[in-house]
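Student: Here is my input, please return the structure:
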Amino acid sequence: MLKTHELDGPSTELAKAGGARIIITVRRVEDALASWLTAFGETGEAAAIDLMRNWLGMYCNLRAHALIVKYDEIDRLPWLAAWRMARTACPGIGPVSVLRIARGYRKSIVKQRTDSMTPGPDFEDIGFSFYDKETFFHRRHVSALKSRSAEQGISPERLAEWRERLRDNIAAARL
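Tutor: As a prediction, the model looks like this:
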C-alpha cells in the first residue's frame, strides 16, 4: 500500500504496466490547495502550487489505469466510497469487512485521532509535518467535520490567480 501525492518515473511506469492497483481520490483543485494551506501553510503557497502541479501530472499519467473516487463521494457517501476502494485494493473483501473499515474511519473518528496526534516512534517526521506510519494520517488530516469550499476562505482574486497559474495543468487533467 502506498499513499502519495507524486510518484517517481519507475514507480509510475510500474503502475501503468499493471504492477499495482491504483486508487486516486480527486478533489477540486482550489479546495485541495485551500486544504493544504490550512494544514501546512508554513510550507508556503509556491510549494503548494508546485505540489499540485506534480499531482496533476501524476493524475494525467495514471487516471486511465486507476479507480477514480471524487472527494464529494467520500464526503457524502463514505460507505460507497469505502466499498469501491476496498474492492479495488482487495477484490475478495466482503461487505462486513468494508462496513468495519468505513465505520472505523469515519470523518469524526479520523479528526479526533489526528487532532490529538503528537510526534513519536510510530510517526514519520517529514520536516514541515509528521504522519502515522500505519494509517498515513498526518496532523490536521481532517480540519473540519463539515467540508468547506475554497470560496469560503479564499478571496476571488487569489482563487483566480491559482487557476491561472495551474491553467494548463488543469486543462491537461480535464478537471
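
Student: Can you tell me the centre-most residue of the protein?
Tutor: Centroid-nearest residue in the chain, with C-alpha atoms, centre = their mean: Thr25, separated by 5.8 Å.

Student: Okay, and the beta partners of that residue?
Tutor: For Thr25, the beta-bridge assignment (DSSP bridges) gives partners Val69.

Student: Let me know the distance separating it from Gly44.
Tutor: Here Thr25 is placed at a distance of 24 Å from Gly44 (C-beta to C-beta, to the nearest Å). All C-beta atoms are positioned from the backbone trio N, CA, C, and that covers glycine.

Student: And the helix or strand containing Cys60, what's buried?
Tutor: Using DSSP states H and E, Cys60 sits within helix 45-62. Judged by neighbour count using 16 or more other C-beta atoms under 10 Å, the buried positions of helix 45-62 are Ala48, Ile49, Leu51, Met52, Trp55, Leu56, Gly57, Met58, Tyr59, Asn61, Leu62.

Student: Ok, stretch 97-111 next?
Tutor: Of the residues in stretch 97-111, Val98, Ile101, Ala102, Lys107, Val110, Lys111 count as buried by neighbour count, 16+ other C-beta under 10 Å.
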